[in-house]
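Engineer: Just need the structure, nothing else, for what follows:
(2 chains)
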Amino acid sequence: MLFPPRAGYFLYNWLTMTAKANILIVDDEAQIAEMILATLEANGYTAAVAYNGSQGLKRVSQERFDLAIMDIQMPEMDGITALGEMKKIDPELEVIIATGHGTMSTAIQSLRKGAFDYLHKPFELKELLKVVERALEKRKFNDIAKVIFSTIKPEDQLRVIIDAVTRILKADESLLVLPDRDGKPRVAVSGGLETEEALSSRLEMCARVMAQPAEAAKALQLVEAPGLEKRFSDIKNLEKIKFSLFLPLVEDNKPAGLICINRDEEEAYFTEDDMQRARIFGSLVNLALRNSSLYRQLQETQGQLIQAEKMSALGQLAGGLAHEINNPLSGILGLAQLVLENLEKGSQNYADIKEIEKAVFRCKKIIVSLLSFSRQEKATIEQVNINEVIEETLTLCARQMELKHIKITRQLAPALPMVSADFQQLMQVFLNLFTNARDAMPDGGELTVATSLLKTPGGAELLMTSITDTGAGIPPDIINKIFDPFFTTKPVGKGTGLGLSVCLGIIHKHNGAIKAHSAPGQGSTFTISLPV
Amino acid sequence: MGKKILIIDDEALVRNYVRRALASRGWAVTEMADGASALDLLGREAFDVVICDLKMPDMRGEEVIKRIRQGWPAVKIIVITGSVSNITSPIVPGVEVDGFLIKPFGIDEIRALADKAIGA
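Structural biologist: Numbering: from 1, shown residues only, chains lettered A, B, ... in the order given. Below you'll find the predicted structure:
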């Protein structure tokens, strides 16, 4: 049977495989080496022996080992040097250093060179086995992290991590709960939970844990038989769970989510080791979340770059074309008007030439809009009061709005700081947006213009302006296209499809942002943010 | 009194209708397709108004206008251009012009500007 070559599958395979780790023993004292070898093999590991540093190096370059246990005092090449060389060959190899008469400083030196841990000879074999187990576990987690973060799409990473949590912590069920946009907890991924009832009961339990005061919500919690606990006793379907481990995710010292791991078996207590593992998974989830938010940002930025690229290409094209087109267009206009002077006003010819004249004016309008992109001259930047720009633009539109029975509502915040901007260009932006709003409300309505000052968490100040109409709204399938050049919903000849892209271009030039929110039948809101 | 008008534009279509629009006023209109020949002609013949395009292949309109202003200070100058990119800056730095039109423009617009320049 062929499996799709997905990292998730490889990870699954890796987590369930039974083959034991491969360990290399490097020691010049044959007796000690043999003893370690026998102990490791008796515990199910595969092991090999090298009798000095260079032999050890040779083995590492020929064969894949998970772990090396290495003496420091050896002829030819000492353990510290061999450690450095081995790490060069296989950076992921874990190394445990054994020192006979080692001082603290050699131990520290070995840790600096990347050793996992060190043991003082003579050591007990039980002690050795413990360190071996820990080193192999670290290696295992490194492998998991590598698989998760190297190949899987961010949105799949959480699923793989939760699968790994379930398996490695021998859990019967586990879930990752994250707050949604409104801060309401929701199940991001889960394992071992089949029914809707089971899921919602676990979610409710997690929501209560997350709702605790911040300090308590940030601590790892172990709960025995949560169904019997007072705080969960009213939640149904929890009887099955014998042990629950709640691991909060913390980002920027604030609770960011919760992992809940449940065991259904009697006596299946969570040990200190389990909690340690859970914490490691917690940091993996944090990493995955950060990755996916970075990934989203990257995609968003990419989209903006593409948009900017489109605009600048169009601007250059427009600048070059406009001049070429304006000359013949001027000829058409002038000659048509000369002909008109010699025609009888009521004649068909007069009417036809009049249409040609009108068509030229339409072309002229398109070209003027196009040229707004390609203007190479610098904007006249001055300290501008945004409310003043809005008032002045509204004065221009007032009569049109009145004719269309559109009520203008101002919610302009007083005493706003000034912005560095080009007054005329901002007027053009507002004029475009007001005109669009007017056209969206052919049967009348309300145009609301609001300004406010927004402080970002980073301490920066943004001037926010929102322009809201009560028109038909923008269908969701086109809302992503409305800023594209030449995109228009107006009838042929009524709109150039350039208004909003001109707005976008101007606002970007001012280092600001413009966004549209709308739902069919609910009107539209355009929000402009400008840095103060 | 028949005024003399010189139109400098490399675009024949534009020269054509501008000439005819102004000729109907009873003015004598001469067409020139490039800056060098126009300056040459100005050296031999007196004109009341020069209508000059800004973007021409041989010599930039700005340069032509500058030289006309220096050589014949009394001539009225009307600038016509197909590009609006310099609408906010002075049309020709350091040179006063008497009128400015952006293409495409109609016959009434050029007549009105010419009237104003001549002082009719």
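Engineer: drop to CA atoms for contacts and neighbour counts, all remaining ones
Structural biologist: OK.
Engineer: residue contacts, residue 69?
Structural biologist: Defaulting to chain A. For residue A:69, the contact set (C-alpha atoms under 8 Å, 6 or more residues apart in numbering or on different chains) comprises A:23-26, A:95-98.
Engineer: that's the wrong chain, I meant chain B
Structural biologist: Here residue B:69 is in contact with B:75, B:95 (C-alpha under 8 Å, 6+ apart).
Engineer: Validate this expectation: it resides in a helix.
Structural biologist: Yes - assigned with DSSP: H, G, I helix; E, B strand; the rest coil, residue B:69 falls within a helix.
Engineer: Just confirm residue A:114 is within a strand.
Structural biologist: No - assessed with three-state DSSP, residue A:114 is coil; it does not lie in a strand.
Engineer: I'd like to know which elements the helix or strand hosting residue A:502 is packed against.
Structural biologist: Using DSSP states H and E, residue A:502 falls within helix A:499-509. Counting contacts by 3 or more C-alpha pairs under 8 Å, 6 or more residues apart in numbering or on different chains; DSSP states H and E, helix A:499-509 packs against helix A:272-341, helix A:348-374, helix A:423-440, strand A:513-518.
Engineer: circling back: which one among the contacts of residue A:69 gets closest to chain B?
Structural biologist: For these, the closest approach to chain B (C-alpha to the nearest C-alpha) belongs to residue A:95, at 69.7 Å.
Engineer: Looks like that closest one contacts residue A:84 (just checking).
Structural biologist: No - look at residue A:95 against residue A:84 with C-alpha atoms under 8 Å: they stay out of range, at 10.1 Å.
Engineer: Settle it for me: which of the two has more neighbours?
Structural biologist: The neighbour count for residue A:95 versus residue A:84, taken as other C-alpha atoms under 10 Å in any protein chain shown, is higher for residue A:95 (28 against 16).
Engineer: Mind pulling up the pLDDT for that one?
Structural biologist: For residue A:95, the model assigns a pLDDT of 92.
Engineer: and it, that's in a strand?
Structural biologist: Yes - counting by three-state DSSP, residue A:95 is part of a strand.
Engineer: what residue lies at the spatial centre of the chain?
Structural biologist: No chain specified, so I'll use chain A. residue A:293 (1.5 Å; C-alpha atoms, centre = their mean).
Engineer: ah, no, chain B please
Structural biologist: Geometric middle of chain B (C-alpha atoms, centre = their mean) lands on residue B:51, at 0.9 Å.
Engineer: For chain B, give me its nearest residue in the stretch 51-200 of chain A.
Structural biologist: residue A:181 (45.5 Å).
Engineer: hang on, residue A:526 packs against residue A:515?
Structural biologist: Yes - counting by C-alpha under 8 Å, residue A:526 does reach residue A:515; the two are 5.6 Å apart.
Engineer: what are the phi and psi values for the residue in chain B that chain A sits nearest to?
Structural biologist: Relative to chain A, the nearest point of chain B is residue B:104 (3.7 Å; C-alpha to the nearest C-alpha). Backbone geometry at residue B:104, expressed as degrees, to the nearest 10, gives phi -80, psi 130.
Engineer: I figured it hits residue A:324, correct?
Structural biologist: No - with contact defined as C-alpha under 8 Å, residue B:104 does not count as touching residue A:324 (11.1 Å).
Engineer: Between those two, which contacts overlap?
Structural biologist: By C-alpha under 8 Å, 6+ apart, the residues touching both residue B:104 and residue A:324 are residue B:82.
Engineer: These two: which has the busier surroundings?
Structural biologist: Neighbours around residue B:104 and residue A:324, counted as other C-alpha under 10 Å, are more numerous at residue B:104. The numbers are 25 against 13.
Engineer: Mind giving me the packing neighbours of the lowest-mean-pLDDT helix or strand in chain B?
Structural biologist: Least confident helix or strand, chain B: strand B:99-102 with a mean of 88, by mean pLDDT, DSSP states H and E. Strand B:99-102 makes packing contacts with strand B:76-81, helix B:107-118 when contacts are defined by 3+ C-alpha pairs under 8 Å, 6+ apart.
Engineer: Against residue A:287, how distant is the residue nearest to the centre of chain A?
Structural biologist: 10 Å (C-alpha to C-alpha, to the nearest Å).
Engineer: cool, and residue B:31?
Structural biologist: Applying C-alpha to C-alpha to residue B:31 and residue A:287 gives a distance of 74 Å.
Engineer: so where is chain B shaky, pLDDT-wise?
Structural biologist: Scanning chain B for pLDDT under 70 picks out B:1, B:84-92, B:120.
Engineer: Next to chain A in this structure, residues from it, please.
Structural biologist: B:11, B:13-14, B:16-18, B:20-21, B:82-86, B:103-107 (C-alpha under 8 Å from any C-alpha of the partner chain).
Engineer: ok, which stretches of chain B are helices?
Structural biologist: Here chain B has its helices, by DSSP state H, at B:12-23, B:35-44, B:61-71, B:107-118.
Engineer: want to try CSV for these, with distance to residue A:406 as columns?
Structural biologist: Below are the helices of chain B laid out as CSV (distance: least, C-alpha to C-alpha, whole Å):
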stretch, distance to residue A:406
helix B:12-23, 44
helix B:35-44, 54
helix B:61-71, 48
helix B:107-118, 36
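Engineer: tell me the most buried of these?
Structural biologist: Comparing those by mean neighbour count (mean count of other C-alpha atoms under 10 Å in any protein chain shown), helix B:12-23 comes out on top with a mean of 20.
Engineer: coming back round to it: ok, the residue nearest to the centre of chain B touching residue B:14?
Structural biologist: No - contact criterion C-alpha under 8 Å: residue B:51 and residue B:14 do not qualify, at 11.1 Å.
Engineer: Tell me where the model's unsure across chain A.
Structural biologist: Short version for chain A, where the test is pLDDT under 70: A:1-19, A:101-103, A:148-155, A:303-316, A:369-379, A:492-496.
Engineer: Not counting its neighbours along the chain, what's nearest whichever residue of it sits closest to chain B?
Structural biologist: Per C-alpha to the nearest C-alpha, residue A:330 is where chain A lies closest to chain B, at 3.7 Å. Excluding its sequence neighbours, the residue lying closest to residue A:330 (C-alpha to C-alpha, 6 or more residues apart in numbering or on different chains) is residue B:104, at 3.7 Å.
Engineer: quick one on the thing from earlier: in what helix or strand does the residue of the stretch 51-200 of chain A closest to chain B lie?
Structural biologist: Per DSSP H and E, there is no helix or strand for residue A:181.
Engineer: Report how many residues lie close to it.
Structural biologist: 7.
Engineer: and it, what does it touch?
Structural biologist: Counted by C-alpha under 8 Å, 6+ apart, residue A:181 has zero contacts.
Engineer: Residue A:113 versus that one, what's the distance?
Structural biologist: For residue A:181 relative to residue A:113 (C-alpha to C-alpha), the value is 45 Å.
Engineer: Can you give the contact residues for the least confident helix or strand of chain B?
Structural biologist: B:77-84, B:110, B:113, B:117.
Engineer: and that strand, which strands flank it?
Structural biologist: strand B:76-81 (parallel) (DSSP bridges).
Engineer: Residue A:338: what's it in contact with?
Structural biologist: B:17, B:20-21, B:107.
Engineer: Oh, that last question was meant for residue A:490, not what I typed.
Structural biologist: No contacts exist for residue A:490 under C-alpha under 8 Å, 6+ apart.
Engineer: what helix or strand does it sit in?
Structural biologist: Going by DSSP H and E, residue A:490 is not in any helix or strand.
Engineer: Over to it: give its phi and psi.
Structural biologist: Residue torsions, per degrees, to the nearest 10, at residue A:490 are phi -80, psi 160.
Engineer: now swap in residue A:53 and tell me
Structural biologist: phi -60, psi -50.
Engineer: same question, the one 5 residues further on
Structural biologist: Here is the backbone geometry of residue A:58 (degrees, to the nearest 10): phi -60, psi -40.
Engineer: With residue A:215 instead?
Structural biologist: Given degrees, to the nearest 10, the pair of backbone angles that residue A:215 has is phi -60, psi -50.
Engineer: Fine, thanks again, bye for now.
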